[in-house]
Each structure stands twice: as C-alpha cells, then as structure tokens.
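# from the sequence below, what's the structure:
(2 chains)
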Amino acid sequence: MDPYRAAAAGTRPERRGWLSVDANLAATDRTVHAADAPSYVDVTGSEIVFVLIGVITLGAALLCVTSRNVVRAALWLVVALGGLAGLYLVLTAELVAIVQILIYVGAVVVLLLFGLMVTKAPIGHQPDLNTANRPVAIVVGVAAFGLLVAALIDAFRFAYLDLDVFGQGSPETIGRALFGSWVLPFEVLSVLLLAALIGAIALTRRDVGADGRR
Amino acid sequence: MHLLYPLIVSAGLFSIGLYGLLARRNLVLVLMSVELMLGAVSLNLVAFDVWLTDALRSGQVLTLMVIALTAAEVGLGLAIVLQLFRQRATSSIDDLDTLTEPR
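Okay, the predicted model is just below:
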C-alpha cells in the first residue's frame, strides 16, 4: 500500500529512507506479459486525448526547429511546452503540469526571448538559420527516432499504465515525497540554483574584466 | 493507457530536439532544442513513474528537479551567449571556430 495513502487512512506508514531499495520492490516486480495487457484495438478516451495533444506537441516542436523566424521559433516552443504540460495532465501528474507551465512557459521562454533581443538576432524572415550540417542532422534525427521506437516497441509492447489511481500526482502526494524522502536533493538543488544565479550575474557584468580588475 | 503512447511521443520530441541541436546556427535556437530534449526526458520520467506507481514518487520529483535545473541551465547558457556576443559580436555557432584544427 502507498505509504501516503496509508497515512491518510490513519494507519502508520512504513518508514522508508530515500535510498532504500525495498521501496521499489513492488514496482520492479511488475511483469511485462502479453496476458495482462489490453489490446491496442480497444482505444480508451485518455489515449485519444493523449494522441491528440501529442500530435500538437510534436507538430509545434517540429515547427520550432524548422521555423525561419527566431521569434516564431520561440513562440512555437511555448506551444510545444504547453502541450507537454497537457500530456502530464493526461498522465495524472497535475503538479508537474502546473510547474511546467509556470516555469517553462512563464520564465524559460521569456528568458530565451530576452536572449534573442539582447543578442540582436535579426527579427523577421531569415534564409540562413540552419548550418550546412542540416542533411546530416536530418539523418541523425530520423535514425535516432527509428532506433528508439524499435527498441521501445520491443521492450514495452505489453506495459499498461493504470490512470485510475487517485491522487498519484496531486500536490499533496508530491509535496510529501519532495519534503519527506527527497528533501536533501531538494536543498542541494537550491544551492545549485543560487550558484547558477551568481554565475550568471558574474558572467554578464560589464564592470568586472576577465582578470578581475575593475 | 499503454505505456507506448507516452514513450513514442517522447522519442519523437527527443529526435526533433536532436535535429534542431545539430542543424541550427543561432546559439539561442540551439538552447531551445536542448529544452525540447529535456522535455522529452521529463515525459519519460513521468510516464515511468505512473507505470511503476513508485511509493517515493521518484519520477515526478525528478521531473520537478529537471525543470528547476533547466531554468538554471537557460540562465547560465544565456549569460554565456551574451558574453560571447559582446566579445565577438555574433551568436552564430559557425563563427565561433577558434578551436577548430587548422586545415
């Protein structure tokens, strides 16, 4: 039983360290057999929604990497990352979806647009946004996709997600996991963010030269 | 839902990001392709977390950390791009060839 649901039901949850292996035993036990998986012909509603949002996400991503206008590329990135948040919602990861919209669409894309403005990237139609590597890049991308899909189909043909479990991505569940089991990585991450912040300021200041003189 | 749906969308997103990473000339556009690849990895993490119904929620927690790391990565990456732009007056990776072998 999920320790957090056990806690909600009033029973005492099992104590589990954040590095303990036995917490995952039940999960790794999960067998991938043909017998217990529904067939691909019975398409469920969530699968239809997932495929629709997935097509939007992939299309926007493709337009993002092929657009000849840098600002449009950034705006297609907004659509792709927003679609990704929709996919997280279909997979019942509510908190991750909200954080994705807040940080990616709210902060990261704005930062990228700032970067485009600050480096005086020519706004508007541009014929030479791609390098001469483009044919090689197409071959590598298609080959990576083919290899990945072949390997994934071979490995996870019969794996089936149960989306009917209540609250497995809710803020309460993730918050308990994040500030219970994962609190040390969380704190390390905040130190890393601080270091990145200071590094970014130090890199972009004009009044401090490379040799430290003012 | 079959696990293959999220996995294949994720593989597609990763390949598109890989293409953009290799084909784009502008440094900021290269950073955008890295974002797409990180998004693909996050989708994988969430899908496997939901599939394994992990008690510690490691997949979703790691996704949150990847999102925070991405914010740090973009901030630092843009600082480097900005500094390069100030020194070389370009953000095209074709012009940043100081380290290439002389032919």
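
# chain B: strands as residue ranges?
Assigned by DSSP state E, the strands in chain B number zero.

# my bad, should have said chain A
Going by DSSP E, chain A shows no strands.

# where does it have its least confident helix or strand?
helix A:25-28 (a mean of 47; mean pLDDT, DSSP states H and E).

# report the contact partners of the closest residue to residue B:41 other than its chain neighbours.
Excluding the flanking residues, the one nearest residue B:41 by Cβ to Cβ, 6 or more residues apart in numbering or on different chains is residue B:66, at 6.7 Å. Using the backbone N, CA and C atoms, a C-beta is placed for each residue, glycine as well. If a contact means Cβ atoms under 8 Å, 6 or more residues apart in numbering or on different chains, then residue B:66 has B:38, B:41, B:42, B:45 as its contacts.

# residue B:61 now?
Residue B:61 neighbours (Cβ under 8 Å, 6+ apart): A:174, A:177, A:178, A:182, A:185.

# the same query, at a cut-off of 6 Å, please.
A:177, A:178, A:182 (Cβ atoms under 6 Å, 6 or more residues apart in numbering or on different chains).

# and for the last one, the neighbour number?
Using other Cβ atoms under 10 Å in any protein chain shown, residue A:182 has 21 neighbouring residues.

# that one and residue A:191, how far apart?
In this view, residue A:182 and residue A:191 are 15 Å apart by Cβ to Cβ, to the nearest Å.

# and what of the first one?
Applying Cβ to Cβ, the value for residue A:177 to residue A:191 is 20 Å.

# just residue A:103 next, same as before
18 Å.

# neighbour-wise, which of the two wins?
Higher neighbour count among residue A:103 and residue A:191: residue A:103, with 18 against 9, using other Cβ under 10 Å.

# so what does residue B:53 have for phi and psi?
phi 40, psi 50 (degrees, to the nearest 10).

# which one is residue A:63 nearest to, not counting chain neighbours?
residue A:76 (4.4 Å).

# list the residues that contact the one you found.
A:60, A:63, A:64.

# what's the pLDDT at it?
Looking at residue A:76, its pLDDT reads 95.

# what's the answer for the one 5 residues further on, then?
pLDDT for residue A:81: 95.

# surely it is in contact with residue A:104?
Yes - using Cβ atoms under 6 Å, residue A:81 is in contact with residue A:104, at 4.3 Å.

# what about residue A:110, distance to residue B:100?
Counting by Cβ to Cβ - residue A:110 and residue B:100 are separated by 34 Å.

# how many other residues sit next to the nearest residue in space to residue A:201 that is not next to it in sequence?
Nearest residue to residue A:201 in three dimensions, chain neighbours excluded: residue B:79, at 8.0 Å (Cβ to Cβ, 6+ apart). Applying other Cβ under 10 Å, we find 19 residues neighbouring residue B:79.

# ditto for the one 10 residues further on
Residues lying near residue B:89 (other Cβ under 10 Å) number 10.

# next: the one 3 residues further on.
Using other Cβ under 10 Å, residue B:92 is surrounded by 16 other residues.

# how about it: what's its closest non-neighbour residue?
residue B:25 (5.2 Å).

# quick one: contacts for the one you found?
A:129, A:131, B:92, B:94.

# where neighbours are concerned, which of those has the most?
Neighbour max across the contacts of residue B:25 (other Cβ under 10 Å) = residue A:129, 22 neighbours.

# so where is chain B shaky, pLDDT-wise?
B:103 (pLDDT under 70).

# if I look at the residue nearest the centre of chain B, how far off is residue A:151?
Chain B has residue B:34 as the residue nearest its centroid, 2.3 Å off, counting by Cα atoms, centre = their mean. From residue B:34 over to residue A:151 the distance is 23 Å, taken as Cβ to Cβ.
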